[in-house]
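Peer 1: Show me the folded form of this:
(2 chains)
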Amino acid sequence: MTEEALLLGLRGQDRAVQKWLYDRYSPLFFSVCRRYLRSREDAEEALVSGFYKIYTKIEGYTGAGNFEGWMRKIMVNEALMQLRRRQPIVFPGEDLPILEEVDGFNIVSELSVQEIMRVVEELPVGYRTVFNLFVLEGYKHHEIADLLQISINTSKSQLILAKEKLRKLLRSKGYL
Amino acid sequence: MTDLFELIKQGEKGLQEVPPPNAWKKLEAKLERKRRRKRRGIRFLQVSAAVALVLLLLLLAFLVVHQLTS
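Peer 2: Numbers count the residues shown, from 1 in each chain, chains lettered A, B, ... in the order given. Down below sits the predicted model:
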(Lines give C-alpha, C1' and ligand atoms only; values in the text may rest on other atoms or scores of the structure.)
Protein backbone atom coordinates (compact mmCIF):
# COMPACT_ATOMS: atom_id res chain seq x y z
CA MET A 1 0.00 0.00 0.00
CA THR A 2 1.35 3.43 -0.91
CA GLU A 3 1.63 6.06 1.81
CA GLU A 4 -0.88 8.18 -0.09
CA ALA A 5 -3.46 5.37 -0.12
CA LEU A 6 -2.73 4.62 3.51
CA LEU A 7 -3.28 8.21 4.60
CA LEU A 8 -6.43 8.49 2.52
CA GLY A 9 -7.83 5.35 4.14
CA LEU A 10 -6.89 6.51 7.61
CA ARG A 11 -8.44 9.93 7.07
CA GLY A 12 -11.63 8.21 5.95
CA GLN A 13 -11.54 6.03 9.11
CA ASP A 14 -11.46 2.93 6.91
CA ARG A 15 -11.37 -0.03 9.31
CA ALA A 16 -9.55 -2.33 6.85
CA VAL A 17 -6.77 0.23 6.42
CA GLN A 18 -6.58 0.74 10.17
CA LYS A 19 -6.21 -3.02 10.63
CA TRP A 20 -3.52 -3.18 7.95
CA LEU A 21 -1.52 -0.48 9.73
CA TYR A 22 -2.02 -2.21 13.07
CA ASP A 23 -0.85 -5.59 11.75
CA ARG A 24 2.20 -3.99 10.21
CA TYR A 25 3.36 -1.81 13.10
CA SER A 26 1.97 -3.34 16.29
CA PRO A 27 4.96 -5.70 16.91
CA LEU A 28 7.41 -2.80 16.60
CA PHE A 29 5.33 -0.41 18.70
CA PHE A 30 4.53 -3.03 21.31
CA SER A 31 8.25 -3.57 21.81
CA VAL A 32 8.71 0.22 22.07
CA CYS A 33 6.03 0.35 24.80
CA ARG A 34 7.54 -2.68 26.58
CA ARG A 35 10.83 -0.86 26.91
CA TYR A 36 9.20 1.77 29.09
CA LEU A 37 6.65 -0.43 30.83
CA ARG A 38 7.63 -3.66 32.51
CA SER A 39 4.18 -5.20 32.56
CA ARG A 40 2.70 -6.56 29.34
CA GLU A 41 -0.77 -5.34 30.40
CA ASP A 42 0.46 -1.75 30.74
CA ALA A 43 2.31 -1.97 27.44
CA GLU A 44 -0.85 -3.32 25.77
CA GLU A 45 -2.87 -0.44 27.18
CA ALA A 46 -0.32 2.08 25.91
CA LEU A 47 -0.32 0.36 22.50
CA VAL A 48 -4.12 0.51 22.22
CA SER A 49 -4.21 4.19 23.32
CA GLY A 50 -1.38 5.01 20.94
CA PHE A 51 -3.08 3.48 17.91
CA TYR A 52 -6.37 5.09 18.93
CA LYS A 53 -4.62 8.49 18.92
CA ILE A 54 -2.96 7.78 15.58
CA TYR A 55 -6.34 6.99 14.02
CA THR A 56 -8.29 9.80 15.61
CA LYS A 57 -5.61 12.51 15.28
CA ILE A 58 -4.56 11.57 11.75
CA GLU A 59 -5.45 15.07 10.53
CA GLY A 60 -2.57 16.28 12.70
CA TYR A 61 -0.08 14.56 10.41
CA THR A 62 0.68 17.21 7.85
CA GLY A 63 3.09 15.14 5.80
CA ALA A 64 6.07 17.00 7.14
CA GLY A 65 8.56 14.36 8.29
CA ASN A 66 8.42 10.62 8.32
CA PHE A 67 5.03 9.02 9.07
CA GLU A 68 6.56 6.16 11.07
CA GLY A 69 8.47 8.72 13.14
CA TRP A 70 5.24 10.65 13.78
CA MET A 71 3.48 7.47 14.94
CA ARG A 72 6.43 6.44 17.04
CA LYS A 73 6.44 9.75 18.91
CA ILE A 74 2.79 9.20 19.79
CA MET A 75 3.58 5.69 21.05
CA VAL A 76 6.47 6.89 23.21
CA ASN A 77 4.27 9.64 24.68
CA GLU A 78 1.52 7.13 25.45
CA ALA A 79 4.00 4.77 27.10
CA LEU A 80 5.36 7.62 29.24
CA MET A 81 1.84 8.69 30.20
CA GLN A 82 1.01 5.13 31.19
CA LEU A 83 4.24 4.95 33.19
CA ARG A 84 3.35 8.14 35.07
CA ARG A 85 -0.18 6.83 35.71
CA ARG A 86 1.28 3.77 37.43
CA GLN A 87 3.90 5.54 39.54
CA PRO A 88 5.77 8.83 39.61
CA ILE A 89 9.06 8.43 37.75
CA VAL A 90 11.90 8.71 40.26
CA PHE A 91 15.25 9.96 39.05
CA PRO A 92 17.91 8.67 41.46
CA GLY A 93 20.82 11.04 41.95
CA GLU A 94 18.82 13.90 40.44
CA ASP A 95 20.46 16.49 42.68
CA LEU A 96 24.01 15.36 42.07
CA PRO A 97 26.37 17.84 40.39
CA ILE A 98 26.86 17.27 36.66
CA LEU A 99 28.83 14.10 36.27
CA GLU A 100 31.70 13.37 33.94
CA GLU A 101 30.68 11.53 30.81
CA VAL A 102 32.18 8.05 30.69
CA ASP A 103 33.54 6.75 27.43
CA GLY A 104 31.38 4.45 25.34
CA PHE A 105 32.06 0.86 26.19
CA ASN A 106 32.74 -2.15 24.11
CA ILE A 107 31.56 -5.63 24.73
CA VAL A 108 33.83 -8.53 24.17
CA SER A 109 31.47 -11.46 24.37
CA GLU A 110 28.96 -12.46 21.70
CA LEU A 111 25.89 -10.79 23.08
CA SER A 112 22.55 -10.44 21.34
CA VAL A 113 20.53 -7.22 21.47
CA GLN A 114 17.80 -9.17 23.27
CA GLU A 115 20.26 -10.09 26.02
CA ILE A 116 21.45 -6.49 26.34
CA MET A 117 17.89 -5.20 26.53
CA ARG A 118 17.12 -7.70 29.28
CA VAL A 119 19.95 -6.10 31.25
CA VAL A 120 18.65 -2.60 30.39
CA GLU A 121 15.28 -3.69 31.84
CA GLU A 122 16.99 -4.16 35.20
CA LEU A 123 17.89 -0.45 35.37
CA PRO A 124 15.83 1.75 37.71
CA VAL A 125 12.89 3.32 35.91
CA GLY A 126 14.37 6.85 35.73
CA TYR A 127 17.68 5.65 34.28
CA ARG A 128 15.96 3.28 31.89
CA THR A 129 13.53 5.91 30.61
CA VAL A 130 16.24 8.47 29.84
CA PHE A 131 18.50 5.76 28.39
CA ASN A 132 15.77 4.53 26.03
CA LEU A 133 14.79 8.02 24.95
CA PHE A 134 18.39 9.02 24.24
CA VAL A 135 19.90 5.84 22.83
CA LEU A 136 16.95 4.25 21.04
CA GLU A 137 14.67 7.15 20.18
CA GLY A 138 17.49 9.58 19.46
CA TYR A 139 15.99 12.41 21.52
CA LYS A 140 18.22 15.31 22.55
CA HIS A 141 18.63 16.16 26.22
CA HIS A 142 16.47 19.28 25.93
CA GLU A 143 13.68 17.20 24.35
CA ILE A 144 13.93 14.59 27.11
CA ALA A 145 13.85 17.37 29.70
CA ASP A 146 10.64 18.76 28.14
CA LEU A 147 9.04 15.35 27.84
CA LEU A 148 9.78 14.25 31.40
CA GLN A 149 9.53 17.71 32.95
CA ILE A 150 13.03 17.56 34.37
CA SER A 151 16.05 19.79 33.91
CA ILE A 152 18.52 19.24 31.08
CA ASN A 153 21.20 18.52 33.70
CA THR A 154 19.02 15.83 35.27
CA SER A 155 18.57 14.23 31.85
CA LYS A 156 22.34 14.28 31.30
CA SER A 157 23.16 12.90 34.73
CA GLN A 158 20.51 10.17 34.45
CA LEU A 159 22.06 9.02 31.20
CA ILE A 160 25.56 8.95 32.68
CA LEU A 161 24.31 7.09 35.76
CA ALA A 162 22.37 4.69 33.54
CA LYS A 163 25.49 3.92 31.53
CA GLU A 164 27.49 3.38 34.71
CA LYS A 165 24.88 1.07 36.17
CA LEU A 166 24.61 -0.80 32.89
CA ARG A 167 28.37 -1.23 32.80
CA LYS A 168 28.28 -2.66 36.34
CA LEU A 169 25.43 -5.01 35.51
CA LEU A 170 27.12 -6.24 32.32
CA ARG A 171 30.40 -6.72 34.17
CA SER A 172 28.70 -8.65 36.95
CA LYS A 173 27.24 -10.97 34.33
CA GLY A 174 30.62 -11.42 32.69
CA TYR A 175 29.73 -9.63 29.45
CA LEU A 176 32.40 -6.92 29.72
CA MET B 1 34.76 -5.67 20.00
CA THR B 2 31.46 -3.92 19.38
CA ASP B 3 30.20 -0.62 20.70
CA LEU B 4 27.22 -1.42 22.87
CA PHE B 5 25.03 1.49 21.84
CA GLU B 6 25.64 0.94 18.16
CA LEU B 7 24.71 -2.70 18.64
CA ILE B 8 21.47 -1.72 20.35
CA LYS B 9 20.57 0.85 17.68
CA GLN B 10 21.31 -1.53 14.83
CA GLY B 11 19.46 -4.44 16.37
CA GLU B 12 16.38 -2.48 17.42
CA LYS B 13 14.22 -3.72 14.55
CA GLY B 14 14.90 -7.28 15.66
CA LEU B 15 13.37 -6.59 19.07
CA GLN B 16 9.80 -6.75 17.85
CA GLU B 17 7.26 -8.50 20.02
CA VAL B 18 3.79 -9.56 18.98
CA PRO B 19 1.13 -7.92 21.20
CA PRO B 20 -1.59 -10.00 22.90
CA PRO B 21 -4.20 -11.15 20.34
CA ASN B 22 -7.10 -9.31 21.99
CA ALA B 23 -5.38 -5.89 21.74
CA TRP B 24 -6.89 -5.27 18.30
CA LYS B 25 -10.36 -6.15 19.60
CA LYS B 26 -9.95 -3.62 22.43
CA LEU B 27 -8.85 -0.98 19.95
CA GLU B 28 -11.70 -1.75 17.58
CA ALA B 29 -14.23 -1.52 20.44
CA LYS B 30 -12.80 1.87 21.42
CA LEU B 31 -13.06 3.12 17.83
CA GLU B 32 -16.59 1.76 17.54
CA ARG B 33 -17.64 3.63 20.72
CA LYS B 34 -16.28 6.85 19.23
CA ARG B 35 -18.07 6.21 15.93
CA ARG B 36 -21.35 5.56 17.75
CA ARG B 37 -20.95 8.73 19.84
CA LYS B 38 -20.32 10.70 16.66
CA ARG B 39 -23.37 9.17 14.95
CA ARG B 40 -25.50 9.92 18.01
CA GLY B 41 -24.28 13.53 17.91
CA ILE B 42 -25.16 13.85 14.24
CA ARG B 43 -28.61 12.30 14.81
CA PHE B 44 -29.24 14.69 17.71
CA LEU B 45 -28.35 17.64 15.46
CA GLN B 46 -30.62 16.33 12.69
CA VAL B 47 -33.55 15.85 15.09
CA SER B 48 -32.95 19.27 16.66
CA ALA B 49 -32.89 20.90 13.23
CA ALA B 50 -36.13 19.15 12.24
CA VAL B 51 -37.86 20.19 15.47
CA ALA B 52 -36.65 23.78 15.03
CA LEU B 53 -37.98 23.80 11.45
CA VAL B 54 -41.36 22.47 12.53
CA LEU B 55 -41.58 25.08 15.30
CA LEU B 56 -40.63 27.81 12.86
CA LEU B 57 -43.28 26.68 10.40
CA LEU B 58 -45.89 26.56 13.17
CA LEU B 59 -44.92 30.06 14.25
CA LEU B 60 -45.17 31.29 10.66
CA ALA B 61 -48.56 29.62 10.22
CA PHE B 62 -49.77 31.17 13.46
CA LEU B 63 -48.59 34.60 12.36
CA VAL B 64 -50.26 34.27 8.94
CA VAL B 65 -53.55 33.07 10.45
CA HIS B 66 -53.37 35.83 13.06
CA GLN B 67 -52.72 38.39 10.34
CA LEU B 68 -55.63 37.16 8.23
CA THR B 69 -58.15 37.07 11.09
CA SER B 70 -57.31 40.49 12.51
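Peer 1: List the buried residues for stretch A:165-176?
Peer 2: Within stretch A:165-176, the residues scored as buried using 16 or more other CB atoms under 10 Å in any protein chain shown are A:165-166, A:169-170, A:175-176. Every residue, glycine included, has its C-beta placed from N, CA and C.
Peer 1: Among those residues, which are located in helices?
Peer 2: Of the buried residues of stretch A:165-176, the ones assigned to helices by DSSP state H are A:165-166, A:169-170.
Peer 1: closest to residue A:59 among those residues?
Peer 2: Closest to residue A:59 out of these is residue A:166 (40.6 Å), distances taken as CB to CB.
Peer 1: Check the contact between that closest one and residue A:132; I expect there is one.
Peer 2: No - in this structure, residue A:166 is not within contact of residue A:132 by CB atoms under 8 Å, at 11.7 Å.
Peer 1: where do the contact lists of those two overlap?
Peer 2: Residues touching both residue A:166 and residue A:132 (CB atoms under 8 Å, 6 or more residues apart in numbering or on different chains) are residue A:120.
Peer 1: Quick one: the helices in chain B, in order.
Peer 2: For chain B, the helices defined by DSSP H cover B:4-11, B:23-69.
Peer 1: ranking those helices by mean pLDDT, which is last?
Peer 2: For the helices of chain B, the weakest mean pLDDT is recorded on helix B:4-11, namely a mean of 78.
Peer 1: elements contacting that one?
Peer 2: On a contact count with 3 or more CB pairs under 8 Å, 6 or more residues apart in numbering or on different chains; DSSP states H and E, helix B:4-11 meets strand A:106-107, helix A:113-120.
Peer 1: Any idea how many residues pack against residue A:114?
Peer 2: Residue A:114 is flanked by 10 other residues according to other CB atoms under 10 Å in any protein chain shown.
Peer 1: Check whether it really touches residue B:15, as I assumed.
Peer 2: Yes - taking contacts as CB under 8 Å, residue A:114 lies within contact range of residue B:15: 6.7 Å.
Peer 1: Which part of chain B gets nearest to chain A, residue-wise?
Peer 2: Chain B approaches chain A most closely through residue B:11 (3.1 Å), counting by CB to the nearest CB.
Peer 1: Run a quick neighbour tally on the nearest residue to that residue once chain neighbours are set aside.
Peer 2: Excluding its sequence neighbours, the residue lying closest to residue B:11 (CB to CB, 6 or more residues apart in numbering or on different chains) is residue A:113, at 3.1 Å. Residue A:113 has 18 neighbours, counted by other CB under 10 Å.
Peer 1: How about residue A:91?
Peer 2: Other residues close to residue A:91 by other CB under 10 Å number 21.
Peer 1: can you pull the contacts of it?
Peer 2: Counting by CB under 8 Å, 6+ apart, residue A:91 touches A:126, A:130, A:150, A:154, A:158.
Peer 1: Now that the first one has come up, it's in contact with residue A:158, right?
Peer 2: Yes - in this structure, residue A:126 is within contact of residue A:158 by CB under 8 Å, at 5.7 Å.
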